[in-house]
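A.B. asks: this one's sequence-less:
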């Protein structure tokens, strides 16, 4: 009998997690099946309890539940506890343990673009949601010189800085302030959902970036958002959300099964599906 896995989110129809995880189960000859679950915003607890009740093996969590799912975990991995956001859960012996593979997955995906040299880099994170929390806390451990957060709601960004105790020098900025200071940064990371549903939306203008700035958008569908198009047009080195998506998924798959999947195959499956 197949073990059930899935992803909880709203919206969820854009997710390619079922594509890559089901392929990984098949290629590794494992009896697993991964499904997308559209969850109403006030029903995340019921969804988690339901998966636990039927003996599922684990699940992923996406927008908007990465923080609100925490009360329904029986235990938290230390990094997930520090971050205050969960994107992967393992169900074993009737207990649910929450993990965060967003941050480590992002760092692993970004490292080759920097020749694995994070020291001295100045970073801007746009957004203050669950994904931003994981990325901020993981990046803070890499040795970057400074990392600022820009968000519409300053209090949410301030809470991330306060919660992630890494001693890194950080400032909290409005989106307007960030736009005016773009030339200061070596790396700009877009973590909001702006651009997910429209190719005509972007959280900020990138006219002020310096050439060769590394600009990342964690959205992978569409493959190239307006944010990344503008960055590329202004001389940036861009990274789509595909690489982070694949790396965080591979870490989740390993937590569930103990097996490291073929990340290059995962990446190619996503690119083929997106037509990229």
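C.D. replies: Nice, thanks for sending it over. Fair warning: this is a prediction, and the values are worked out from it, not measured in the lab. Numbers count the residues shown, from 1 in each chain.
A.B. asks: Every contact and neighbour count from this point should use C-alpha atoms.
C.D. replies: Noted.
A.B. asks: Now do the helices in this protein.
C.D. replies: For the chain, the helices defined by DSSP state H occupy 17-27, 44-53, 78-83, 102-110, 130-139, 154-163, 175-180, 226-233, 242-257, 263-274.
A.B. asks: State the mean pLDDT of the fifth one.
C.D. replies: Helix 130-139 comes out with an average pLDDT of 94.
A.B. asks: what angle do it and helix 154-163 make?
C.D. replies: When axes from the mean of the first three to the mean of the last three C-alpha atoms, to 10 degrees is applied, the directions of helix 130-139 and helix 154-163 differ by 30 degrees.
A.B. asks: what packs against helix 130-139?
C.D. replies: Judged by 3 or more C-alpha pairs under 8 Å, 6 or more residues apart in numbering; DSSP states H and E, the packing partners of helix 130-139 are helix 78-83, helix 102-110, strand 122-126.
A.B. asks: any chance of the ones you listed in TSV, plus distance to residue 182, mean pLDDT and mean neighbour count?
C.D. replies: Formatted as TSV, these follow (distance: least, C-alpha to C-alpha, whole Å; pLDDT from 0 to 100; neighbours: other C-alpha atoms under 10 Å):
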stretch	distance to residue 182	mean pLDDT	mean neighbour count
helix 78-83	26	94	19
helix 102-110	19	97	22
strand 122-126	8	98	24
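A.B. asks: Rebuild the ones you listed as TSV, extending it with distance to residue 207.
C.D. replies: Formatted as TSV, those follow (distance: least, C-alpha to C-alpha, whole Å):
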stretch	distance to residue 207
helix 78-83	32
helix 102-110	23
strand 122-126	15
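A.B. asks: re the thing from before, quick one, which of the helices of the chain is nearest to residue 218?
C.D. replies: Comparison of the helices of the chain against residue 218 by C-alpha to C-alpha identifies helix 242-257 as nearest, at 6.8 Å.
A.B. asks: so where's the chain uncertain?
C.D. replies: Scanning the chain for pLDDT under 70 picks out the ranges 165, 197, 276.
A.B. asks: Where do the domain boundaries of it fall?
C.D. replies: Annotated domains of the chain cover 3-100+245-274, 104-240 [automatic domain parsing].
A.B. asks: For stretch 39-57, measure first residue to last.
C.D. replies: Using C-alpha to C-alpha, to the nearest Å, the end-to-end distance of stretch 39-57 comes to 18 Å.
A.B. asks: buried set for it?
C.D. replies: Burial within stretch 39-57, assessed by neighbour count using 16 or more other C-alpha atoms under 10 Å, is assigned to 39, 44, 45, 47, 48, 51, 52, 56, 57.
A.B. asks: Check what contacts it and list those residues.
C.D. replies: Identification of contacts with stretch 39-57 by C-alpha atoms under 8 Å, 6 or more residues apart in numbering yields 3-5, 8-10, 58, 64-65, 68-69, 72, 90-92, 94-96, 256.
A.B. asks: Could you do stretch 243-252 as well?
C.D. replies: Outside stretch 243-252, the residues touching it (C-alpha under 8 Å, 6+ apart) are 17, 21, 60, 88, 101-110, 218, 220, 260-263, 266-267.
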